[in-house]
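# any chance you could fold what I've pasted below:
(4 chains)
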2 protein chains.
Amino acid sequence: MYDGDLTCQAEDVIAEPATRRTRNLVHTDPAEVPLQGALDALADPVRRSILRELSSEPDFTRACGTFTLPVSKATASHHFAVLRAAGLLEQVDKGPRRLNRLRREEFDARFPGLLALVLAES
Amino acid sequence: MYDGDLTCQAEDVIAEPATRRTRNLVHTDPAEVPLQGALDALADPVRRSILRELSSEPDFTRACGTFTLPVSKATASHHFAVLRAAGLLEQVDKGPRRLNRLRREEFDARFPGLLALVLAES
DNA sequence: GAGAGTGTTTGATCCAACTCGAACACTCGC
DNA sequence: GCGAGTGTTCGAGTTGGATCAAACACTCTC
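Modelled structure (predicted):
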């Protein structure tokens, strides 16, 4: 009988790079994020420091591991997932690295002024 | 010897109504509220519902007990204290009641747009 | 002063989130 | 393929905040 590899062949036609890792990388449209989710995501100081550090760099130039955070890499990975689920950042895989982009315009369109307050935090 | 009552007599000269209850009612200047404190206060759905309900009424017309909340009065009292400490509302005692005012301008001056997002929540 | 009404404080429980080490998965260069 | 580098997932521990009932404090009216 045919196994799953054939199915993978069919999916390879898709334009997007469809490695298993990338396929598990699900994003949330900021337009569909509830205020509760946004506030929960922004209420954590580690997550806000990620956003601030990311805001001073070009898009997709900072990998998750390059941030200076006071937590373990397991915890950091969790925080990146929360930010992604809250529509605050977009991630793409490049080799073994996962590069990040701050979703400024999209998130600001959904919650005007909110991200600016976070980035202005001293 | 003289007891505390004499001290109270002296404090009665103060213009503000200085009952013991009012004296324990401490407020926080919104200008001195850290972003962390504001987000923590706004991250709770019960507290946001208090703010929304308060926004549709004239200042100092709603007592704490008149809000329709899904929690006990002890919990509600806690939430009002958190909002007061976050610079989000001002309270005055009138008889046995404690009347509330939403600190719109002051809080918006400190965190532009943040309160508007909460009040616009469906 | 007694009682009703309003609100706070206390003490305790519960739970969701933060946290970590260890194990696992993936990608690349040798 | 092997090893190093990057990141996620799993399982478990910890903690802070939300919650409640009960007791307390205050104000008014009778």
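
# show me what the helix ranked longest in chain A is packed up against.
If you go by DSSP state H, chain A has its longest helix at helix A:73-85. Contact analysis of helix A:73-85 by 3 or more Cβ pairs under 8 Å, 6 or more residues apart in numbering or on different chains; DSSP states H and E lists helix A:35-42, helix A:45-55, strand A:89-94 as its packing neighbours. Yep, even glycine has a C-beta here, placed from its N, CA and C like the rest.

# tell me which element A:R101 is part of?
strand A:97-102 (DSSP states H and E).

# that older thread, winner for burial among the helices and strands packed on helix A:73-85?
Comparing these by mean neighbour count (mean count of other Cβ atoms under 10 Å in any protein chain shown), helix A:35-42 ranks first with a mean of 20.

# which ones are touching A:P112?
Residues counted as contacts of A:P112 (Cβ atoms under 8 Å, 6 or more residues apart in numbering or on different chains) are B:113, B:117.

# now do the SS call for it.
In terms of secondary structure, A:P112 is coil; the call rests on DSSP: H, G, I helix; E, B strand; the rest coil.

# check contacts around the residue in chain A positioned nearest to DNA strand D.
Residue of chain A nearest DNA strand D, by Cβ to the nearest atom of the strand: A:G65 (2.1 Å). Taking Cβ under 8 Å, 6+ apart, we find A:G65 in contact with A:73, A:76, A:97.

# residue ranges with poor pLDDT in chain A?
Counting by pLDDT under 70, the low-confidence segments of chain A come to A:1-23.

# re earlier: in the longest helix of chain A, which residues are buried?
Within helix A:73-85, the residues that count as buried by 16 or more other Cβ atoms under 10 Å in any protein chain shown are A:76, A:79-80, A:82-85.
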